[in-house]
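Novice: Here is a sequence with its predicted model. Questions after.
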Amino acid sequence: MHWTWQRPRRRWDQRRVGGLPIRGCCLLSTRALPPVASEVSLWPLGGAVPWIWLRRRLRAQTTDQIAHRVYVDTGAILERSHAQQAGLGFIGKNTLLINPRRGSYFFLGEILTTCEFDVYNTPQRHESQHESQCGSCTRCLNACPTDAFPTPYVLDARRCISYLTIEHKGMIDPLLRLRMGRWVYGCDVCQAVCPWNRFAIQSQEAAFYPADADRMAPLLADLLALTDTTFAARFGRSAIARIGRDRLVRNACIAAGNSHLPEFAPTLEILAHADRSPIVQEAARWACDSLTL
């Protein structure tokens, strides 16, 4: 997590981002998620990588006649904070941006430009727009499988399943593995239980829908059998591609161990002794031991 401390001034001051003398910032959000659930988080299920799709849409709103930079989930931009200040929502106890009319199932994107806007669209704000509207609700805090929220509005990413399955490159703490269930890429628990998401609007964009049922809930047996070639063929054009074959198989080993199903034992034994990746071998050994408990 050390990267989060690099060049902090760039993160809160968008004028330092992109090497341009920034004068204006256009912030947009888009509905992105179909109403499905599986051991894969909802946002990467579509046939297109979400931030690439949104980035293209944002670029279509610009012109080469003005200098600009387009960012979606990248760059040193505190987009959640900027979105809150722009009136697009409030920060919930689960640390996510929540729109009272949309919930939290959406993406954010920005256009930074040297062009100075004459007028900004100002969304209607409640007096408490900058304050949480969670009230006394603690569903997200109570539901988190790994207790990743030490206090409301504070996330310990080192315990977050999304961080562990996507960003963490090494071996996962055995005590946390027991709580990861069948999640192999990301986690939606703190959003799924949020009452504000009863207002979530189903996306009409086909790019965000699963290409097939296999993308929604891939079989653990298939994930355990992945090679570099089959991983690239199956996930090469999806957001899952960014973690690579080894981390996905590591996650699948943990999910198999948590399943307590002996049918996975033969494959796990092979991975534990013959896989080229140390993190896969270690996770497979742990899973084998878990199946015998």
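Specialist: Done, it's in. Numbering: from 1, shown residues only.

Novice: What average pLDDT does the helix ranked longest in the chain get?
Specialist: For the chain, the helix with the greatest residue count under DSSP state H is helix 244-259. Mean pLDDT, computed over helix 244-259, is 95.

Novice: Could I get the buried residue list for stretch 240-251?
Specialist: Neighbour counts over stretch 240-251 (16 or more other C-beta atoms under 10 Å) mark Ile240, Ala241, Ile243, Gly244, Arg245, Asp246, Arg247, Leu248, Val249, Arg250, Asn251 as buried. Glycine gets a C-beta too; all of them are placed from N, C-alpha and C.

Novice: Extract the CA atoms of it and return them as PDB.
Specialist: In PDB, the C-alpha atoms belonging to stretch 240-251 read as follows (Å, rounded to 0.1, in the frame of the first residue of the first chain):
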ATOM      1  CA  ILE A 240      -9.600  -9.700 -14.500                       C
ATOM      2  CA  ALA A 241      -6.700  -9.800 -16.900                       C
ATOM      3  CA  ARG A 242      -4.800  -7.200 -14.800                       C
ATOM      4  CA  ILE A 243      -4.100  -9.600 -11.900                       C
ATOM      5  CA  GLY A 244      -2.700 -12.300 -14.100                       C
ATOM      6  CA  ARG A 245      -3.000 -16.100 -14.000                       C
ATOM      7  CA  ASP A 246      -1.100 -16.700 -10.800                       C
ATOM      8  CA  ARG A 247      -3.100 -14.400  -8.500                       C
ATOM      9  CA  LEU A 248      -6.400 -15.700  -9.900                       C
ATOM     10  CA  VAL A 249      -5.400 -19.300  -9.300                       C
ATOM     11  CA  ARG A 250      -4.100 -18.400  -5.800                       C
ATOM     12  CA  ASN A 251      -7.500 -17.000  -5.100                       C
END
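
Novice: got the contact list for the closest residue in space to Gly244 that isn't next to it in sequence?
Specialist: If you skip the residues right next to it in sequence, Gly244 has Phe231 as its closest partner in space, 7.5 Å away by C-beta to C-beta, 6 or more residues apart in numbering. By C-beta atoms under 8 Å, 6 or more residues apart in numbering, the residues touching Phe231 are Gly244, Arg245, Leu248.

Novice: Could I get the contacting residues of the second one?
Specialist: The reference is to Arg245. With contacts taken as C-beta under 8 Å, 6+ apart, Arg245 has the following neighbours: Leu226, Thr227, Asp228, Phe231, Ala232.
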